[in-house]
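[1] Generate a structure from the sequence data that follows.
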Amino acid sequence: MLRTAAATGALVTLLAGCAHQVQFQPLGAIEFSAVDHANAVLGEKWEESKALYEQAQLPHHSFREKYDLECQAGKLLRTPLGSEDYIMIGQINGGGTARASIDSLRQAMCERAAEKGGHAVLILNEGISEQPYTVVMPGQSTTHAYANAYAVGRSAYAYGTSHTTHSPGYAVSGVMYKPYAGGLVFRHVPGLAQLRARMSALSDDKLKPIDSWVKGRVNDKRTFENVFSEWQGLVAQAESQGNGSLTLQ
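    Below you'll find the predicted structure:
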């Protein structure tokens, strides 16, 4: 079927708009400064990491067992990133129009992640959805009229004819292929892996209050640099103390 200009215009309207829609959801209120760019990496250990984290929530585990399982879950999740110096800062989801592709959607997600302070987007799921469409064009009727007038003496005469053309309506159908993807955003923090290792080496009575403090900072409206500096100071304080528990203000 030949596509007329009207049908082409309707299809262009159907496909118009921004090629990508990307949403970022931060994990908390901590502020992260923007970075120059972010890279997309396929997440290969998501299901295993999720299973370990869910196992850590079982009530029969001791604090140390739960902490170790959570550490293992985080390490598995970060494995594709190639370094342990990463911290998760948010979730990201995106979709595209029929003019987009998986590659262009990944690029759009990376741009948004960099704006929010992330160096890496760990892709957990992506694919192409199929969306059937139909553009219906209504029928049209066009009338052409012709008229002539003349005078004879004191009398005037006129006559005319008309012709109507009918164009039936029709529909243009097809399938649009739209990309979608979702994942997690991570920020690279030099020295973070070493800090985690130092925490794990602490006794339970010192580790527990620091672990609780770290988890409680998620909703702090402070810069990450400020929180990270205080975190490092707490670990150093715990290491310098002798036996006994650590009490945080």
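
[2] Strands of the chain, residue ranges please.
    Secondary structure of the chain (DSSP state E): strands at 20-26, 39-42, 86-96, 120-137, 140-152, 155-167, 170-188.

[3] Highest mean neighbour count out of the ones you listed?
    Of all the strands of the chain, strand 86-96 carries the top mean neighbour count, a mean of 20, counting by mean count of other CB atoms under 10 Å. (C-beta placed from N, C-alpha, C; glycine too.)

[4] That one packs against which elements?
    For strand 86-96, the elements it packs on are strand 20-26, helix 102-115, strand 170-188, judged by 3 or more CB pairs under 8 Å, 6 or more residues apart in numbering; DSSP states H and E.

[5] let's see it at 10 Å
    strand 20-26, helix 63-78, helix 102-115, strand 120-137, strand 170-188, helix 192-200, helix 224-240 (3 or more CB pairs under 10 Å, 6 or more residues apart in numbering; DSSP states H and E).

[6] got TSV for these, with mean pLDDT and distance to Tyr86 too?
    Output for the helices and strands packed on strand 86-96, formatted as TSV (pLDDT from 0 to 100; distance: least, CB to CB, whole Å):
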stretch	mean pLDDT	distance to Tyr86
strand 20-26	95	16
helix 63-78	95	5
helix 102-115	96	12
strand 120-137	84	7
strand 170-188	87	4
helix 192-200	96	7
helix 224-240	95	13
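
[7] Tell me which of the strands of the chain sits nearest to Asn219.
    Each of the strands of the chain was scored for nearness to Asn219 using CB to CB, and the closest is strand 20-26 (10.4 Å).

[8] Alpha carbons of that closest one, as PDB, please.
    Listed next in PDB are the C-alpha coordinates belonging to strand 20-26 (Å, rounded to 0.1, in the frame of the first residue of the first chain):
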ATOM      1  CA  HIS A  20      14.600   8.900  25.600                       C
ATOM      2  CA  GLN A  21      12.900   9.100  29.000                       C
ATOM      3  CA  VAL A  22      15.200   8.500  31.900                       C
ATOM      4  CA  GLN A  23      14.300   8.500  35.600                       C
ATOM      5  CA  PHE A  24      16.800   8.600  38.500                       C
ATOM      6  CA  GLN A  25      15.800   7.700  42.000                       C
ATOM      7  CA  PRO A  26      18.400   8.500  44.700                       C
END
